[in-house]
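Visitor: The sequence and its predicted three-dimensional model are supplied below.
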Amino acid sequence: MKKLLLAFITFSSLQLSAQVEELNQRTQLFLSEVEERFKAKSINGNEPDYSVLPETDFIQHEYYQLKQIEKEVNELGNKVRPIYHLSTFAYEDDEELLYALKFWFKNFIGEKRVMPGRDYRRVDHVVPTIIIIEKNYISILTMSCYATDIEEFRQWRSDMLGVFGGPNSMVIEIGCDGPIEWTKNAPDPKDMKWRR
């Protein structure tokens with residue numbers, strides 16, 4: 001019995017390690033794809049406010065600040081180096097991810113309660129954000145309202161999906177002060193798994 005339990009624990013830890021390693025590889029691929037334009041730093045502070053998401057039971061969390069190497073002129077006419085924020089949260093399995101999402105959606109970004117699959121027109125005090133939910137992880141990229149135009153936002157979405165996404169990925173896009181939109185594989189709000 002002890003050998004069986006030990007084998008199960010070993011198998012479970014190897015499986016978790018493989019899932020976390022996949023996310024780490026995807027993250028490193030994404031960072032390598034943007035390294036010519038951005039300086040990436042893994043830091044502990046200054047992460048955007050994701051409301052209660054950091055309180056969920058994740059098994060790994062990474063945060064990177066991406067600072068543009070070349071200055072550009074923003075909408076206000078100032079020369080700036082835009083800063084972007086990449087955060088990833090990995091969960092033990094898809095069931096743990098579902099629990100985390102249900103908890104997060106009750107107090108989402110901007111302290112807004114969101115329903116799975118429902119869009120919201122206006123949410124005060126939110127910045128442009130791309131959220132990709134895939135397998136057992138969440139990848140989030142946030143931007144500045146003043147440094148991001150629609151074409152750049154679309155390019156970031158494409159880049160994020162190319163690395164972190166898959167055919168079954170759910171994608172949430174947030175504009176400056178809203179809207180919050182489910183733009184890919186929106187869940188059915190009538191699905192009972194979201195209500196339990």
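Guide: Everything's here; your move. Numbering: from 1, shown residues only.
Visitor: hang on, residue 163 in a helix?
Guide: Yes: counting by DSSP: H, G, I helix; E, B strand; the rest coil, residue 163 is found in a helix.
Visitor: Helix, strand or coil: sort out the closest residue to it other than its chain neighbours for me.
Guide: Closest residue to residue 163 apart from its sequence neighbours, by Cβ to Cβ, 6 or more residues apart in numbering: residue 30 at 4.3 Å. All C-beta spots, glycine's among them, are computed from the backbone N, C-alpha and C. Remark: residue 30 carries the secondary structure label helix [criterion: three-state DSSP].
Visitor: Which parts of this structure are strands?
Guide: With strands called from DSSP state E, the chain shows them at 38-42, 60-68, 72-73, 79-80, 83-90, 129-134, 137-142, 170-174, 180-184.
Visitor: if you skip the residues just before and after it, what's nearest to residue 189?
Guide: Excluding the flanking residues, the one nearest residue 189 by Cβ to Cβ, 6+ apart is residue 117, at 4.4 Å.
Visitor: how much space is there between that neighbour and residue 150?
Guide: 23 Å (Cβ to Cβ, to the nearest Å).
Visitor: for residue 50, same thing?
Guide: When residue 50 is compared with residue 150 (using Cβ to Cβ), they lie 23 Å apart.
Visitor: Looking at those two, which one has more neighbours?
Guide: A direct count of neighbours by other Cβ atoms under 10 Å for residue 50 and residue 150 places residue 50 higher, at 20 against 9.
Visitor: Tell me both backbone torsions, phi and psi, for that one.
Guide: Note on residue 50: backbone dihedrals following degrees, to the nearest 10 are phi -100, psi 20.
Visitor: Distance-wise, check it relative to residue 89.
Guide: 9 Å.
Visitor: Quickly list what's touching both of the two.
Guide: residue 140 (Cβ atoms under 8 Å, 6 or more residues apart in numbering).
Visitor: Please name the residues that touch residue 128.
Guide: Residue 128 makes contact with 142, 143, 144, 145, 148, 153, 174, 175, 176 under the criterion Cβ under 8 Å, 6+ apart.
Visitor: Pull the contacting residues for residue 168.
Guide: 134, 185.
Visitor: make it 7 Å
Guide: With contact set as Cβ atoms under 7 Å, 6 or more residues apart in numbering, residue 168 has these partners: residue 185.
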